[in-house]
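*Asks:* Curious how this folds, go ahead:
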Amino acid sequence: MTMKRIVENAVQAKQEIENLTTQGFTHDDIYIFAHDKKRSDDITDALDTEKVGMKEQGFLDSMKNMFTSRGDELRSKMEAAGLTAEEAADAERELDHGKLVIIAKK
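*Replies:* Next up is the predicted model:
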């Protein structure tokens, strides 16, 4: 089961993560995405959520992301976290507007 939430800021993200954990998700099941890499890393660290890495993407996709645009990288990572290509593209457009995307996947 994969759930996607879109929030405006880290305060709303924290509330949404608390809601997801009461629904049975662990912090290891939850991913947060922001268009700005530093913002994404800071929020992920502060809220103790998981980062999409080689485990979720595989070696080749992880390596490919080192040489692609941030948008392509984000869509690839969101797909690895459980979204379809269309859902990832829609979510990436939300990131362009400064929002945060939360994906919870069991």
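*Asks:* any idea which helix or strand comes after the helix or strand hosting A91?
*Replies:* Of the helices and strands defined by DSSP states H and E, A91 is found in helix 85-96. Remark: after helix 85-96, the chain's next helix or strand is strand 100-105, criterion DSSP H and E.
*Asks:* what angle sits between that following strand and helix 85-96?
*Replies:* 150 degrees (axes from the mean of the first three to the mean of the last three C-alpha atoms, to 10 degrees).
*Asks:* contact partners of strand 100-105?
*Replies:* Strand 100-105 is touched from outside by 1-10, 12-13, 16-17, 20, 25, 29-34, 43, 78, 81-83, 91, 94-95, with contacts defined as C-beta atoms under 8 Å, 6 or more residues apart in numbering. Where you see a C-beta, it was placed from the backbone N, CA and C, and this is true even at glycine.
*Asks:* count of neighbours near the residue nearest to A85 when sequence neighbours are not counted?
*Replies:* In space, not counting the residues next to it along the chain, A85 is nearest to E79; the distance is 6.1 Å by C-beta to C-beta, 6 or more residues apart in numbering. Other residues near E79 number 20, with proximity taken as other C-beta atoms under 10 Å.
*Asks:* Just to be sure, E79 is in a helix?
*Replies:* Yes - following the definition DSSP: H, G, I helix; E, B strand; the rest coil, E79 is counted among the residues of a helix.
*Asks:* Tell me the spacing between it and F33.
*Replies:* E79 sits at a distance of 12 Å from F33 (criterion: C-beta to C-beta, to the nearest Å).
*Asks:* next one: phi and psi at E8?
*Replies:* phi -90, psi -30 (degrees, to the nearest 10).
*Asks:* do the one 3 residues further on as well
*Replies:* Main-chain dihedrals, V11, degrees, to the nearest 10: phi -60, psi -50.
*Asks:* quick one: the helices in the chain?
*Replies:* 10-22, 37-46, 54-57, 59-65, 70-80, 85-96 (DSSP state H).
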